[in-house]
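>>> Here is my input, please return the structure:
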Amino acid sequence: MYNSPFTPFGPTYLVGTSPVQVASTNNDNPTSYRVRNTSASAQYLSWVAPSPGNATPTITVAAPTAGSPKYATLGFLPTSVEVFGGIPANAWFQASAAGAFEVTPGEGL
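The predicted structure follows:
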């Protein structure tokens, strides 16, 4: 991952309760994603890597609880914006609420 300002590699996708693939459009694999919680309440976002053949995956989004951690899931404060690295390139995302997130593929912090 580069330690430079975030540079978008494709469009911003609206992510809700159905899986959405957030893919770059510049022939480079994104190393980071800019994520904006558009909701006025806390929300959860989960992701999975693309599979061979790129079929639409099944993603379960749930808040972690004591003794039940959730893999590939992050919680977001209301109306927050974060940039994350280490999520697979051209990943699929799903939110805990309809239209809760805007996700942009790219590179940088």
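>>> Alpha carbons of the host helix or strand of Ser46, in CSV - could you do that?
Applying DSSP states H and E as the criterion places Ser46 in strand 43-48. Only the C-alpha atoms of strand 43-48 are listed here, as CSV (Å, rounded to 0.1, in the frame of the first residue of the first chain):
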residue,chain,number,x,y,z
GLN,A,43,-23.8,0.3,10.4
TYR,A,44,-21.8,-2.8,9.5
LEU,A,45,-20.1,-3.6,6.2
SER,A,46,-18.8,-7.1,5.2
TRP,A,47,-16.8,-8.2,2.2
VAL,A,48,-15.5,-11.2,0.3
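>>> Which secondary structure elements does it sit against?
Here strand 43-48 touches strand 32-37, strand 73-76, strand 92-95, strand 101-107, going by 3 or more C-beta pairs under 8 Å, 6 or more residues apart in numbering; DSSP states H and E. Using the backbone N, CA and C atoms, a C-beta is placed for each residue, glycine as well.
>>> What residues sit buried inside the last one?
Of the residues in strand 101-107, those with enough neighbours to count as buried (16 or more other C-beta atoms under 10 Å) are 101-107.
>>> list the helices and strands that strand packs on?
Against strand 101-107 (3+ C-beta pairs under 8 Å, 6+ apart) you get strand 7-8, strand 13-15, strand 32-37, strand 43-48, strand 92-95.
>>> so how far is it off the chain centroid?
What separates the centre of strand 101-107 from the centre of its chain is 7 Å, taken as C-alpha atoms, centre = their mean, to the nearest Å.
>>> Same check on the first one?
Averaging C-alpha coordinates over strand 32-37 and over its chain gives two centres that are 6 Å apart (C-alpha atoms, centre = their mean).
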